[in-house]
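[1] Please work out how this folds:
(chains A and B)
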Amino acid sequence: MSTATATSPVRAVTRSRLFWPAVVLVVLLLANLAFTPDFFALHLRGGHLYGSLIDILHFGAPLILVSLGMTLVIATGGIDLSVGSTVAISGALACLHISESTDPGSLATVLTALGIALGTALVLGAVNGLLVAKAGVQPIIATLILMVAGRGVAQLITDGQIITVTSDPYKMIGGGYWLTMPFAILLSALVVLATVLLTRSTALGLLLESVGGNPVASRLVGIRAMRLVALVYVFSALCAALAGLMVSSNVSAADGNNAGLWIELDAILAVVLGGTSLNGGRFSIGGTVLGALIIQTLSTTVYTIGIPPETTLVFKAFVVIVVCLIQSPVFRAKFAARGARTRRTTRSHTAAPTNREVGA
Amino acid sequence: MRQQPVLEVRGIRKEFPGVVALDGVDFRLFPGEVHALMGENGAGKSTLIKVLTGVYQSDGGEVVLAGERVRIAGPLQAQQAGISTVYQEVNLCPNLSVAENIFIGREPRRFGLVDWAAMRRRAAELVRELDLDVDVSAPLNSYSIAVQQLVAIVRAVDVSAKVLILDEPTSSLDRDEVRQLFAVMRRLRDQGVAILFVSHFLDQIYEICDRMTVLRNGRLEGEYLTSELNQVELVSRMIGAELAGLHQLGGGKRRERTAPTGKAFLQADRLTRRGAVEPYDLDIRPGEVIGLAGLLGSGRTEAARLLFGADQSDGGTLRIEGAVTALRSPRDAIAHGIAFCSENRKTEGLVGELTVRENIVLALQASRGWMRPLPRAAQDAYALRWIRALDIRPNNPEALVRNLSGGNQQKVLLARWLITDPKLLILDEPTRGIDVGAKAEIQKLVANLAEDGMAVLFISAELEEVLRLSHRIGVLRDHRMVAQLDNDGELTPERVMATIASGADQ
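    Numbering: from 1, shown residues only, chains lettered A, B, ... in the order given. Predicted structure coming up:
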């Protein structure tokens, strides 16, 4: 973005970090159009918007939230494997509280449930953060602990059962509508926007990128890296908890076994697809959102095209490989060089057929 | 001795987006010679080396190796063709043994398995041939950088022995180590190896090199016999500028200044850290430049790190502006107005993937905290002002620091600390590995800052430089501050040297 030297507007666009993720998303959406002619159609029914695009945003909202937290963690050079478990725990705690309350439909009950879920996430995130920042445990190990143990905790909370709840205010979070749009879309958009503002209109983004890019130099420059790193894990846990509330609210049930299962992998993938390096440093929230939408679109595509369920994962893997290749500068350079050579050969055939260097 | 060059480069060209790094450069290297590649930072030395070693692909021109036109497609091909390189930063595996490092990727085998005994035996032979006292079964990181570098050379020569490229090998070596390296180089030269040597130390160039090629702004300036071109002429060819003031630069003429008297900004009293530096005393007044001299590894950096809170002292007291202060972190030190430019620009200084502007404002931003961001306009103003003041090239504040040459990176690091307006500036080897022009600029800057009342702690392996700038010189030896010498105009490099050597002021 900022590296573009403003030679031409087209070049500036193609060199933007968001260009390739955006291209991939558009291509995927267009591919769907070929199979489902009314894929882009939006209907207003009973004051609610319906359509495939809305579905993608709606079902993609939890993944966007989880990926958002993951982006900042990865920017510091870390990784958070525990988000899936946090999704499950948060949903389980909220549903347990609502189901045991005498008045599940009251706003106060739901707000308390949210408080319990988010408060617990805060603690879980702080544990991750302290393990990584203070105790110096490798992030992948530190968060693996909660990834494994947390799943068990979620099952203990739900007692191995699926807790169902009937509560209109709770249903609103993941399944409700507001201003014709699913509330989940608005909520995730709000959190994304707030995160962009938080990181880019303060110095937080720069400091995080510095810590991820060179931790030693960051310490010598006086950045309180420990605090920043710990905070980022707390933020990630809060995002995951919010996603967990959305998931359980949408189905009005908490499933300790399956809620948020493997979402950490999708989230990491979304971050990488969005152009943030796993080595830490530069991050792009816009890229992450695009990455999450690519993954969600892919899942939708699998259903609409009618790919047999047993080959779904293979199909997904194939698309992901292609996307990663397209984004790899090395691959692109090779591809471009080959393209240029072919062009040059064609030209030299007409102009100077004796030029031998071209063929070499 | 008109023989065939072993390596010849004709009209080589290399472009990067927006820059022509090499523009039709010719270059010849004969067997059995030590050849210097000279030029300022950004003149194209590194690019030429990277083309020769296959890291970059040239955009034009040809490379002829032993009479044959070759296309060097990658580092491996370069190695197979007989071109080996040892870089400034040693590219070996520090946690493997010396022997493993020498033979990694080409281990002697027996029955398909690595023959460890043969490996150790042959490594020991190679090491002995070059008169090195090294236990080949010890891990590489148990040796100094100098020895690691020699191990890298042993490996390079053993892999392929036609052309050896040494890129700034001496920048982190002390005098004895340089002597050892030169002995090895002479022996290899006599065996017929062609050595390409890059160094910023002119004296070393004149000591070891037979011929030199000078580059300027990506173009060939000329090829000379070392005996036909004196140092002043060489420098003028490198920078291509008028020579006014340059004689003085080489002459070691030092400013006569009286040391400031007044209350010390910082006083260290028996300050120590076990295993790093023995208890030492040091007073630094505003406007005073204190030099730290001593061999590499003598504890210069360690002593300075205690004053910045980069390491914690475990004994003694530190007073800042009269008050006893414990620095628990660099952040504490920065809050007291202390700045520290590390000698390791890449690993401890800059964040490579951030821009010049972001790197420059980083320290100031960190001390303001994330809640109070510097407005973008202020960031741009700081960046542009210091890019201009220090002549940082390219002059684009949005360039990634990673892509800058060493000297320009050093200037970015300086700019970062200068905008924090420190009361004490600690400079650890600020001129190492950068060209004469930038070196002179930085020295002048230090002198001016001190005149304006900044206290400076100046650490350098170059005694002339320390003498030229400092009011007082602390001499370290074996992690102990053995003397503090007043630079009263009669102090000579020889006396400092003698102090370093004997461990006492004589």
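[2] Backbone torsions only: list them for residue A:163.
    When read as degrees, to the nearest 10, the backbone of residue A:163 gives phi -90, psi 120.
[3] how near is it to chain B?
    To chain B, residue A:163 is 40 Å away according to Cβ to the nearest Cβ, to the nearest Å. For glycine as for every other residue, the C-beta is placed from the backbone atoms N, C-alpha and C.
[4] That residue against residue A:254, yeah?
    Yes - look at residue A:163 against residue A:254 with Cβ atoms under 8 Å: they come within range, at 4.6 Å.
[5] quick one: which of the two has more around it?
    Neighbour totals were compared for residue A:163 and residue A:254, and residue A:254 leads with 30 against 22 (other Cβ atoms under 10 Å in any protein chain shown).
[6] for the helix or strand harbouring the more buried one, what is the average pLDDT?
    Assigned by DSSP states H and E, residue A:254 belongs to strand A:253-255. Across strand A:253-255, the average pLDDT comes to 94.
[7] Can you list the strands that that strand pairs with?
    If you go by DSSP bridges, strand A:253-255 pairs up with strand A:162-164 (antiparallel).
[8] Following the partner strand in sequence, what is the next regular element?
    Where DSSP H and E defines the elements, the next helix or strand beyond strand A:162-164 is helix A:168-175.
[9] So what's the gap between that next one and the chain middle?
    How far helix A:168-175 lies from its chain's middle: 22 Å, per Cα atoms, centre = their mean, to the nearest Å.
[10] And that helix, what does it pack against?
    Here helix A:168-175 touches helix A:107-129, helix A:183-200, helix A:225-251, going by 3 or more Cβ pairs under 8 Å, 6 or more residues apart in numbering or on different chains; DSSP states H and E.
[11] Out of those helices, which is the most enclosed?
    helix A:225-251 (a mean of 26; mean count of other Cβ atoms under 10 Å in any protein chain shown).
[12] What number of residues are in the vicinity of the residue nearest to residue A:13 when sequence neighbours are not counted?
    Of all residues not flanking residue A:13 in the chain, residue A:19 sits nearest, at 6.1 Å (Cβ to Cβ, 6 or more residues apart in numbering or on different chains). Residues near residue A:19, counting by other Cβ under 10 Å, number 16.
[13] Relative to chain B, how far out is residue A:19?
    Per Cβ to the nearest Cβ, residue A:19 is found 17 Å from chain B.
[14] Next: residue A:28.
    29 Å.
[15] List the contacts of residue A:169.
    Residues in contact with residue A:169 (Cβ atoms under 8 Å, 6 or more residues apart in numbering or on different chains) are A:105, A:106, A:107, A:110.
[16] ok, 10 Å please
    For residue A:169, the contact set (Cβ atoms under 10 Å, 6 or more residues apart in numbering or on different chains) comprises A:98, A:104-111, A:113-114, A:176, A:249.
[17] Please apply the same query to residue A:238.
    A:65, A:69, A:86, A:90, A:117, A:118, A:119, A:121, A:122, A:124, A:125, A:191.
[18] Likewise for residue A:149?
    Contact analysis of residue A:149 by Cβ under 10 Å, 6+ apart lists A:82, A:85.
[19] Report the secondary structure state of it.
    For residue A:149, the secondary-structure state derived from DSSP: H, G, I helix; E, B strand; the rest coil is helix.
[20] before we move on, the earlier item: which is the next helix or strand following the strand holding residue A:254?
    Trace forward from strand A:253-255 with DSSP H and E and the next one is helix A:263-273.
[21] centre of the chain versus that next one, how much separation?
    Using Cα atoms, centre = their mean, the offset of helix A:263-273 from its chain centre is 6 Å.
[22] Same check on stretch B:106-125?
    The answer for stretch B:106-125 is 35 Å, by Cα atoms, centre = their mean.
[23] With stretch B:68-75 instead?
    Relative to its chain's centre, stretch B:68-75 lies at 30 Å (Cα atoms, centre = their mean).
[24] what do you get for stretch B:9-20?
    Worked out by Cα atoms, centre = their mean, stretch B:9-20 lies 26 Å from the chain centre.
[25] what about the strands in the stretch 301-450 of chain B?
    Using DSSP state E, counting those that start in this stretch, the strands found in the stretch 301-450 of chain B span residues B:315-320, B:323-324, B:338-341, B:424-428.
[26] out of those strands, which comes closest to chain A?
    Of all the strands of the stretch 301-450 of chain B, the one in closest proximity to chain A, counting by Cβ to the nearest Cβ, is strand B:338-341 (6.5 Å).
[27] And the next helix or strand past the helix or strand where residue B:220 lies?
    For residue B:220, the host element (DSSP H and E) is strand B:219-225. Later in the chain than strand B:219-225, the nearest helix or strand by DSSP H and E is helix B:231-239.
[28] need the contact list for the residue nearest to residue A:13.
    A:1, A:12, A:13, A:275, A:287, A:327.
[29] So what's the residue count around the third one?
    Same thing as residue A:13. Residue neighbour count, defined by other Cβ under 10 Å, stands at 13 for residue A:13.
[30] try the last one
    The local packing count at residue A:327 equals 20, with neighbours defined by other Cβ under 10 Å.
[31] could you check the distance from it over to chain B?
    Per Cβ to the nearest Cβ, residue A:327 is found 16 Å from chain B.
[32] Give the closest residue to that residue in space, chain neighbours not counted.
    Leaving aside its chain neighbours, residue A:327 sits nearest to residue A:20 (5.1 Å; criterion: Cβ to Cβ, 6+ apart).
[33] That neighbour and residue A:273: what is the separation?
    Distance of residue A:20 to residue A:273, given as Cβ to Cβ, to the nearest Å: 9 Å.
[34] For the closest residue to residue A:60 other than its chain neighbours, give me its contacts.
    With sequence-adjacent residues excluded and distances taken as Cβ to Cβ, 6+ apart, residue A:60 is closest to residue A:296, at 3.4 Å. Applying Cβ under 10 Å, 6+ apart to residue A:296 gives the contacts A:25, A:28, A:55-64, A:266, A:270.
[35] And residue B:131, by the same measure?
    Counting by Cβ under 10 Å, 6+ apart, residue B:131 has contacts B:150, B:180, B:183, B:184, B:187.
[36] Quick one, which of the residues you listed are buried?
    With burial judged by 16 or more other Cβ atoms under 10 Å in any protein chain shown, the buried subset of the contacts of residue B:131 is B:150, B:180, B:184.
[37] buried stuff in the helix or strand where the last one lies?
    With elements delineated by DSSP H and E, residue B:184 resides in helix B:175-190, which encompasses its position. Residues of helix B:175-190 classed as buried: B:177, B:178, B:180, B:181, B:182, B:184, B:185, B:188, B:189 (neighbour count, 16+ other Cβ under 10 Å).
[38] Can I get those residues in TSV including distance to chain A and pLDDT?
    Converted to TSV, the buried residues of helix B:175-190 look like this (distance: Cβ to the nearest Cβ, whole Å; pLDDT from 0 to 100):
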residue	distance to chain A	pLDDT
B:177	25	82
B:178	28	85
B:180	30	85
B:181	28	88
B:182	33	91
B:184	32	88
B:185	33	90
B:188	34	89
B:189	35	91
